[in-house]
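[1] Structure for this input, please:
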Amino acid sequence: ADVSTWMVLAVQLKKMQENEDPRLSFATPEFREAQRVFTENYKKNFGRPVEWGLVKKYPWSQAQLVKLDQPVDVNGKPWPLDDQGKPIM
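    Below you'll find the predicted structure:
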């Protein structure tokens, strides 16, 4: 493509961006902060116990998704249970 084609495309892009709402941009500080908070909570399973996991029965077998015998936290430590054996949220 020649230079004039690129110039026309650049002008068209600039016109399109004039009508965009800057609040919808993924580069705003607000979005980045929200994304950071979500990612941190995601890593902590949103404060909930891990009840399912990919488990290998043997070292050479394929990992399968199974319900764990006892809920654990994201670090693998047992989650506290109430009197009925249900996880305390």
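
[2] how about stretch 67-80: buried residues?
    Residues P71, V72, D73, W79 are the ones in stretch 67-80 that count as buried (16 or more other C-beta atoms under 10 Å). Bear in mind the C-beta positions are built from the backbone N, C-alpha and C, glycine included.

[3] Tell me which two in these are the farthest apart.
    Spatial extent of the buried residues of stretch 67-80 (C-beta to C-beta) is set by the pair P71 and D73 at 8.2 Å.

[4] Overlap of the contact sets of these two?
    Common contacts of P71 and D73 (C-beta atoms under 8 Å, 6 or more residues apart in numbering): P49, V50, W79.

[5] Return the distance of the last one relative to E40.
    Distance of W79 to E40, given as C-beta to C-beta, to the nearest Å: 19 Å.

[6] Same check on the first one?
    Distance, P49 to E40, by C-beta to C-beta: 18 Å.

[7] So between these two, which is more surrounded?
    P49 (19 against 9; other C-beta atoms under 10 Å).

[8] dump the residue contacts of the more buried one.
    Counting by C-beta under 8 Å, 6+ apart, P49 has contacts P71, V72, D73, W79, P87.

[9] Send me the top strand by length along the chain as CSV with only the CA atoms.
    Longest strand of the chain, by residue count under DSSP state E: strand 64-72. Listed next in CSV are the C-alpha coordinates belonging to strand 64-72 (Å, rounded to 0.1, in the frame of the first residue of the first chain):
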residue,chain,number,x,y,z
GLN,A,64,-9.1,-35.7,36.3
LEU,A,65,-11.5,-33.2,37.8
VAL,A,66,-12.8,-34.7,41.1
LYS,A,67,-14.6,-33.4,44.1
LEU,A,68,-12.1,-33.3,47.0
ASP,A,69,-12.8,-35.2,50.2
GLN,A,70,-12.2,-32.1,52.3
PRO,A,71,-12.3,-28.5,51.1
VAL,A,72,-9.0,-26.7,51.1
